[in-house]
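[1] Sequence and predicted model, in that order:
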Amino acid sequence: MKTTLSFLAFFLIVSITYAQTPKVNQDRLEKSIFELAEFGKKENGETSRVAFSQADIESRTYLIALMKDAGLEVTIDYAGNIIGRKAGSDPSKKPIAFGSHTDTVPDGGNYDGCVGSMAAIEVVKTLQENNVTTQHPLELIIFSNEEGGVMGSRALAGELPADALTIVNSTGISMGDGIKVLGGDPSKLQEVIRKKGSLAAFLELHIEQGGILDQEQIDIGVVEGIVGLNWWDVTIEGFANHAGTTPMNARQDALLTAAKFIIAVNETTNSFEGKQVGTVGRIKAEPGAPNVIPGNVTLSLEIRDLSAKKIKEVYAAIEKRGLEIAQETNTKITFTALSTTGKPALTDTRIQQQIAIATKALGLSHIQMQSGAGHDAQDMALIAPTGMIFVPSKNGISHSPKEYTSAEDIANGANVLLQTILLLDKE
């Protein structure tokens, strides 16, 4: 009973004092998102700002200018992360960090990552305008190359191995060379690693990238955990031969094997209880001529779940079925694990509570939910107590030019982020 009364008293204090706390400027925040969208804008009005591209590089100059205008001391670390720091009134306290990313998938949208990054800048600008100095130092992080393998956050967590630096994204640039393009130094990544416990907390605001909040008309999602993900390249070797002269029963068709394998991925993933997902999202057949039986196919395999054990179990079952299919079709199948693994991460229950308190004080509705997408917060959870805030995605669309989150929803999320930072600062 005492605990309940204490919580209610604390919530009442938060609700009363909220009327005197600052709010973000919704119009300015939306304007900054539209301005960022100009970097990588194509003739059809859509945006593509893949990491290491010219658009990505140019946008960083814009971001740094905004961060400096908000009173932050800005640097670029050796992993290419943009880091803005603001001193607190008590130098002995650990920093409260927050932020997201601004790179997009090819032909992506204007909200994934961008909402969290621009809202983070708006939060600091709001504190500046209202002459609010936190006790804790503040650290705003714009992470590098999130979409190509959460590069910047993995580097901070000490989870970016040397072999990851050879992975090439759609620009044709490897992570290692990309870090240089962004002003970092891949030979000094050890100096980027943060010790566990070096931050008081890390927070990330993000669009949901799913349809739950939108469908249920809920304002805020309090994230309980972020699913882990593993990627593999799957290579199928058959025998390229003339499509007109080779009988159907004498073929070693790598693409036929691939087709059966893709169906098997779906069936095998669904055979397990739970919310795990398995996806083949990319396929390349060679030699790629209409009159030649495909002799080689490379495709992707991705598995996600909140349990690392479940991911391993699903993969083992898929691998077993793939080997069986290859034997049936007289082809060879090979699985190569890629260094883009994201470990499942549970968010900090204390920070979940603070996010919920801030949300209620703002008069907003909320639910607790898991994230089916990977985020920088996933790696930051390895080194700091972490919280994540979701705002609705219209119709659950993301990684698409059609993704959309309203200005009001974005401002709601930014205000929850602001209030959560202030609550954590008082602890």
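    Okay, I see it.
[2] could you pull out the helices for the stretch 251-400 of the chain?
    254-270, 308-328, 349-361, 376-380 (DSSP state H, counting those that start in this stretch).
[3] Who are the contact partners of the most centrally placed residue in the chain?
    Geometric centre of the chain, nearest residue: H375, 2.6 Å, by CA atoms, centre = their mean. Residues in contact with H375 (CB atoms under 8 Å, 6 or more residues apart in numbering) are 100, 146, 150, 204, 206, 226, 388. For the C-beta atoms, the positions are set from N, CA and C on the backbone; glycine is no exception.
[4] F52 versus G172, what's the distance?
    9 Å (CB to CB, to the nearest Å).
[5] quick one: pLDDT of L5?
    According to the prediction, L5 has pLDDT 48.
[6] Point out where the stretch 301-427 of the chain drops to low pLDDT.
    340-342 (pLDDT under 70).
[7] 90 instead, please
    306-308, 338-345, 370, 372-374, 427 (pLDDT under 90).
[8] what does the stretch 101-250 of the chain give?
    Applying pLDDT under 90 to the stretch 101-250 of the chain flags residues 149, 170, 226-229.
[9] where along it do the helices fall?
    114-129, 151-156, 175-181, 212-216.
[10] out of those helices, nearest to L199?
    helix 151-156 (9.6 Å; CB to CB).
[11] what's the closest one packed up against?
    With contacts taken as 3 or more CB pairs under 8 Å, 6 or more residues apart in numbering; DSSP states H and E, helix 151-156 sits against strand 138-143, helix 175-181, helix 376-380.
[12] Can you give me the buried ones in the second one?
    In other words, helix 175-181. 175-179, 181 (16 or more other CB atoms under 10 Å).
[13] Kindly spell out which helices and strands sit in contact with that helix.
    Partner elements for helix 175-181 (3+ CB pairs under 8 Å, 6+ apart): helix 151-156.
[14] Contacts made by the helix it packs on with the rest, please.
    Under CB under 8 Å, 6+ apart, the answer for helix 151-156 is 51, 77-81, 101, 141, 143-146, 160, 164, 175, 178-179, 189, 192-194, 376-380, 383.
[15] Just the C-alpha atoms of it, please, in PDB.
    Output of helix 151-156 as PDB, limited to C-alpha atoms (Å, rounded to 0.1, in the frame of the first residue of the first chain):
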ATOM      1  CA  MET A 151      27.700   0.400 -37.500                       C
ATOM      2  CA  GLY A 152      28.000   3.400 -35.200                       C
ATOM      3  CA  SER A 153      26.300   1.900 -32.200                       C
ATOM      4  CA  ARG A 154      28.000  -1.400 -32.600                       C
ATOM      5  CA  ALA A 155      31.300   0.400 -32.500                       C
ATOM      6  CA  LEU A 156      30.400   2.200 -29.300                       C
END
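[16] how far does it sit from the chain's center?
    In terms of CA atoms, centre = their mean, to the nearest Å, the centre of helix 151-156 is found 12 Å from the chain centre.
[17] How about stretch 347-366?
    Offset of stretch 347-366 from its chain centre (CA atoms, centre = their mean): 21 Å.
[18] show me the contacts for the residue lying closest to G221 once chain neighbours are set aside.
    With sequence-adjacent residues excluded and distances taken as CB to CB, 6 or more residues apart in numbering, G221 is closest to F390, at 3.1 Å. The neighbourhood of F390, defined by CB under 8 Å, 6+ apart, consists of 206-208, 213, 220-223, 369, 371, 413.
[19] what does I389 give?
    Taking CB under 8 Å, 6+ apart as the test, what I389 contacts is 203-206, 220-223, 355, 413, 416-417, 420.
[20] burial of the closest residue to it other than its chain neighbours, as a residue count?
    Excluding its sequence neighbours, the residue lying closest to I389 (CB to CB, 6+ apart) is L205, at 4.7 Å. The number of residues packed near L205 is 29, by other CB atoms under 10 Å.
[21] gap between A377 and A70?
    22 Å.
[22] The two: which is more packed in?
    It is A377, of A377 and A70, that has more neighbours when counted by other CB under 10 Å, with 29 against 21.
[23] Give the full set of residues in contact with the residue nearest to that one when sequence neighbours are not counted.
    Closest residue in space to A377, ignoring its immediate chain neighbours: E204 at 4.1 Å, by CB to CB, 6+ apart. Shown in contact with E204 (CB under 8 Å, 6+ apart): 98-100, 116, 375-377, 380, 386-389.
[24] Show me the strands in the stretch 1-150 of the chain, by range?
    For the stretch 1-150 of the chain, the strands defined by DSSP state E, counting those that start in this stretch occupy 73-76, 82-86, 96-101, 138-143.
[25] could I get the last one in PDB with only the CA atoms?
    The C-alpha coordinates for strand 138-143 follow below in PDB (Å, rounded to 0.1, in the frame of the first residue of the first chain):
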ATOM      1  CA  LEU A 138      23.700  15.500 -22.000                       C
ATOM      2  CA  GLU A 139      25.000  13.600 -25.000                       C
ATOM      3  CA  LEU A 140      23.100  13.600 -28.300                       C
ATOM      4  CA  ILE A 141      24.300  10.900 -30.800                       C
ATOM      5  CA  ILE A 142      23.500  10.700 -34.500                       C
ATOM      6  CA  PHE A 143      24.600   7.200 -35.300                       C
END
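[26] That one - which strands sit beside it in the sheet, and in what orientation?
    strand 82-86 (antiparallel), strand 96-101 (parallel) (DSSP bridges).
[27] what about the closest residue to A55 other than its chain neighbours, neighbour count?
    Leaving aside its chain neighbours, A55 sits nearest to G40 (3.2 Å; criterion: CB to CB, 6+ apart). G40 has 23 neighbours, counted by other CB under 10 Å.
[28] same check, this time on P290
    P290 has 5 nearby residues by other CB under 10 Å.
[29] Name the nearest residue to it, ignoring sequence neighbours.
    According to CB to CB, 6+ apart, the nearest residue to P290 is A243 (7.4 Å).
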